[in-house]
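**Q** Structural data only, the sequence is not supplied:
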C-alpha cells in the first residue's frame, strides 16, 4: 500500500527530496509529529472556512479553503510518506 501511495504522491515528495549540492540536513522526530499536527489544523481550518463560505454564499472565501486544504495535505503527505531529508527540507533545517 505504501508503494502505491508513494507513486501517487511522488510529484509532491520529489520537490522536497531533491539533492542540493551535498548539504547536510538536521532531522528530529518531533518535526514529523509537528507536521502531522499542522496538517490536521490546516485541514480543520479549511473545513471551518468551507462551512462559513457556504453559510455566507461567498465564492471568494473558497480561495482560502483551497489554500488551507493544500497546505494541510502537503504537510500530511510529507509527514506520512516523506523521508527524513524531506521533513528537514520542509522545515529548512540545515547544518
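**A** Sure, I can see it. What you see is a predicted model, and the numbers here were worked out from it, not measured in a lab.

**Q** What strand or helix carries the residue nearest the centre of the chain?
**A** For the chain, the residue nearest the mean C-alpha position is residue 75 (1.8 Å; Cα atoms, centre = their mean). Per DSSP states H and E: residue 75 is located in helix 62-81.

**Q** could you give the mean pLDDT of that helix?
**A** Across helix 62-81, pLDDT averages out at 93.

**Q** Could you do stretch 34-50 as well?
**A** For stretch 34-50, the per-residue pLDDT averages 95.

**Q** how far does it sit from the chain's center?
**A** Computed by Cα atoms, centre = their mean, to the nearest Å, the chain-centroid distance of stretch 34-50 equals 10 Å.

**Q** And the residue nearest to the centre of the chain, how close does it get to residue 16?
**A** As judged by Cβ to Cβ, to the nearest Å, residue 75 and residue 16 stand 11 Å apart. (Glycine included, C-beta is placed from N, CA and C.)

**Q** For the spatially closest residue to residue 79 that is not a sequence neighbour, give me its contacts.
**A** For residue 79, ignoring the flanking residues on the chain, the nearest one in space by Cβ to Cβ, 6 or more residues apart in numbering is residue 35 at 3.7 Å. Residue 35 makes contacts with 75, 76, 78, 79, 87, 90, as judged by Cβ atoms under 8 Å, 6 or more residues apart in numbering.
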